[in-house]
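Undergrad: quick one: sequence and predicted model below, then my questions.
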Amino acid sequence: MELNKRFVGYATETLNASVEHSQRLSRAKNFEDAVKIQTEFARAQMEVFNQRAKELGEIYAKMALGAGSRPFGMSS
């Protein structure tokens, strides 16, 4: 359940960031400005990706630990 909420939140954030990026890019005054906007967006998205990967790794680790603590074939 927590994982699903995270994925929905990530999708919403990604969509919002893409829309904002498109709006900023459409206001670029010249090619240099467009490259700067694109570079900033790519850098920011990479940072977000790294943070999300870390968060998902922690969730999967918790799930794996939780699954290992129950006897085989039994669920909570």
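TA: Noted; the coordinates are in hand. Numbers count the residues shown, from 1 in each chain.
Undergrad: following the host helix or strand of Asn4, which helix or strand comes up?
TA: Per DSSP states H and E, Asn4 falls inside helix 2-26. Towards the C-terminus, the helix or strand next in line after helix 2-26, according to DSSP H and E, is helix 31-68.
Undergrad: pLDDT of that following helix, averaged?
TA: Rounded to a whole number, the mean pLDDT of helix 31-68 is 93.
Undergrad: between that helix and helix 2-26, how many degrees?
TA: For helix 31-68 against helix 2-26, the angle between stretch directions is 180 degrees (axes from the mean of the first three to the mean of the last three C-alpha atoms, to 10 degrees).
Undergrad: just checking, what packs against the helix holding Asn4?
TA: Helix 2-26 is packed against helix 31-68, with contacts defined by 3 or more C-beta pairs under 8 Å, 6 or more residues apart in numbering; DSSP states H and E. Quick note: C-beta positions are derived from backbone N, CA and C, even for glycine.
Undergrad: re earlier: now the helix holding Asn4: average pLDDT?
TA: The predicted model gives helix 2-26 an average pLDDT of 94.
Undergrad: so what touches that helix?
TA: Contacts made with helix 2-26 from outside it, assessed by C-beta atoms under 8 Å, 6 or more residues apart in numbering, are listed as Ala34, Ile37, Gln38, Phe41, Ala44, Gln45, Val48, Arg52, Glu55, Leu56, Ile59, Met63.
Undergrad: which of those residues count as buried?
TA: By neighbour count, with 16 or more other C-beta atoms under 10 Å, the contacts of helix 2-26 hold Ile37, Phe41, Arg52 as buried.
Undergrad: can you give me the distance of the first one to Ala28?
TA: Meaning Ile37. With the distance defined as C-beta to C-beta, to the nearest Å, Ile37 ends up 6 Å from Ala28.
Undergrad: cool, and the second one?
TA: From Phe41 across to Ala28, the span is 12 Å (C-beta to C-beta).
Undergrad: count of neighbours near the residue nearest to Ala44 when sequence neighbours are not counted?
TA: The shortest distance from Ala44 to any non-neighbouring residue, by C-beta to C-beta, 6 or more residues apart in numbering, is to Ala17 (7.5 Å). A total of 14 residues lie near Ala17 under the criterion other C-beta atoms under 10 Å.
Undergrad: done for today, thanks.
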